[in-house]
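> Got a predicted model here, sequence first, then my questions.
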Amino acid sequence: MQDLTELLRNNPYPGRGIVVGKDCVYYWIMGRSFNSRNRIFSLTEDGIQTEAHQPELVEDPSLIIYHPVRTMGDALVVTNGDQTDTIVEKGSFRDGCMAREFEPDAPNFTPRISAIVNADGSFELSILKHQESGRCLREFFAYEGADEGVGYFISTYVGDGNPLPTFSGEPIEVALAGPDEVWAALNEDNKVSMYSNVNGEVRLFNKHLGD
């Protein structure tokens with residue numbers, strides 16, 4: 001098992017990431033361009049949304065403004081894009097993910113990563129990724145639950161590069177850390193915002209707001 005904070009400290013650019021554990025959910029965004037970095041998280045009635053820190057400087061909102069977290073009945077949906085809304089509208093994690101594919105941002109073809117956490121502690125993670133053929137590979141990982149202090153981590157990328165290398169393999173089993181430690185472990189130059197939900201307590205971290 002890897003230590004989550006060590007894993008993040010050794011990776012300058014995992015991109016967007018989701019970690020799900022027992023009574024614990026983390027989601028963060030990172031950015032290399034000004035447009036990607038010009039964001040904060042804010043609370044909504046049923047979750048959170050991304051919004052521009054300086055709206056007048058937004059270049060293209062299509063892939064950076066969305067609802068990363070929403071509730072769906074007694075379940076929590078967490079994703080790295082507007083597929084959150086697709087999942088909630090369809091009322092099904094699987095159907096929502098099957099209706100979408102990777103992001104149209106060639107040459108990176110950023111994968112869409114998603115999670116659903118159920119009231120009984122079970123959860124599912126998904127990644128939709130580009131194949132050389134141009135088709136979409138949709139992977140799903142279902143868990144009956146997690147042990148105390150253990151989480152499962154998935155991200156869009158495995159590091160920096162041009163094009164950015166896509167996450168591969170199964171979600172990584174990690175030893176969890178507290179929200180402050182996870183936020184501190186993210187690369188200082190590239191991190192933008194983070195959502196944490198630990199034992200039902202939601203916290204938002206925004207670099208632009210001094211966190």
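Received it, and whenever you're ready, just let me know what you need. Residues are numbered from 1 along each chain as shown.
> Could you use CA atoms for every contact and neighbour count after this?
Will do.
> And the strands in this structure, which stretches?
2-3, 17-21, 24-30, 39-44, 47-52, 69-72, 75-79, 112-117, 123-130, 136-143, 150-155, 172-175, 191-198, 201-206 (DSSP state E).
> roughly how far out does the first one sit from the chain middle?
Spelled out, that is strand 2-3. Put simply, strand 2-3 sits 18 Å off its chain's centre (CA atoms, centre = their mean, to the nearest Å).
> go on, the third one?
Strand 24-30 has its average C-alpha position 5 Å from the chain's average C-alpha position, going by CA atoms, centre = their mean.
> Could you list the residues in contact with that strand?
For strand 24-30, the external contacting residues (CA atoms under 8 Å, 6 or more residues apart in numbering) are 13-20, 36-37, 78, 151, 179, 190-199.
> ok, back up a step: quick one: the strands of the chain as CSV, columns for mean pLDDT and mean neighbour count too.
Shown next, in CSV, are these (pLDDT from 0 to 100; neighbours: other CA atoms under 10 Å):
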stretch, mean pLDDT, mean neighbour count
strand 2-3, 96, 14
strand 17-21, 98, 25
strand 24-30, 97, 25
strand 39-44, 96, 19
strand 47-52, 96, 18
strand 69-72, 98, 22
strand 75-79, 98, 23
strand 112-117, 98, 26
strand 123-130, 98, 23
strand 136-143, 98, 15
strand 150-155, 98, 24
strand 172-175, 98, 18
strand 191-198, 98, 23
strand 201-206, 98, 16
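> okay if I get those strands as CSV plus distance to Cys97?
Converted to CSV, the strands of the chain look like this (distance: least, CA to CA, whole Å):
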stretch, distance to Cys97
strand 2-3, 28
strand 17-21, 16
strand 24-30, 18
strand 39-44, 23
strand 47-52, 19
strand 69-72, 14
strand 75-79, 10
strand 112-117, 8
strand 123-130, 8
strand 136-143, 8
strand 150-155, 16
strand 172-175, 20
strand 191-198, 22
strand 201-206, 25
